[in-house]
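Undergrad: Just a sequence and a predicted model for now, questions to come.
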Amino acid sequence: GQNNDGTQEQRLKEIAAAEQPLADGKEDVYAIWQTDPWSPPPIGPDDRLPINEFRNIELELLNPGLVHVDESNIAKVAKQLGIPYAPCLMGFEGFGGNRAPTIRGIVVHQHNEILLREAHAEVASHLLQESHDEHQRRVYARWKRLLVGMLTKERLEREYGE
């Protein structure tokens, strides 16, 4: 408060004064233990994920022991590994009555996060390599088509040429 000089004695006086009932004739609505900030209960490694009725987990209510992993195609990797997961509800977007949920990423147990991220990096690397190989295959197919066309044209000119 304004009169607090920083000493422990003054601090204890202010706390004691704040704990006294108000002299305004009104009853206290809440007990001191009811005014503590709420946090969701911690989730252990063997506990089930606390999904809501829409089968997702809200990011704002993320329990200790859970982590949000926001990577592309991460749900497919988690499903392939058999890791329990739930989609993550980030919030709502839209205007007026046209609100739609924004779901991005997944929520998993904290002990699965490193395994999941490493597997996702491996899958992404594999997909990139497959994409590169497919591109190379298409390039070679185009070159082959061009060369076969040129050889065919040359042969036809030799056989039937003027």
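TA: Received it, and whenever you're ready, just let me know what you need.

Undergrad: In this protein, where's the longest strand?
TA: If you go by DSSP state E, the chain has its longest strand at strand 100-109.

Undergrad: Report the distance from the helix or strand that that strand is followed by to the chain centre.
TA: Per DSSP states H and E, the first helix or strand lying C-terminal to strand 100-109 is helix 113-160. With Cα atoms, centre = their mean, to the nearest Å as the basis, the distance from the averaged C-alpha position of helix 113-160 to the chain average is 34 Å.

Undergrad: cool, stretch 38-47 as well?
TA: Computed by Cα atoms, centre = their mean, the chain-centroid distance of stretch 38-47 equals 18 Å.

Undergrad: Buried residues, that stretch. List them.
TA: Across stretch 38-47, burial judged by 16 or more other Cβ atoms under 10 Å covers Ile43. All C-beta atoms are positioned from the backbone trio N, CA, C, and that covers glycine.

Undergrad: Repeat that for stretch 70-81.
TA: 74-75, 77-78.

Undergrad: Listing partners with orientation, what would you give for the longest strand of the chain?
TA: If you go by DSSP bridges, strand 100-109 pairs up with strand 66-69 (antiparallel), strand 86-93 (antiparallel).

Undergrad: Point out the most buried one among these.
TA: Mean neighbour count (mean count of other Cβ atoms under 10 Å) peaks for strand 66-69 among these, with a mean of 19.

Undergrad: Mind listing residues that contact it?
TA: Outside strand 66-69, the residues within contact range by Cβ atoms under 8 Å, 6 or more residues apart in numbering are 43, 49, 57, 59, 62, 88, 105-110, 113, 116-117.
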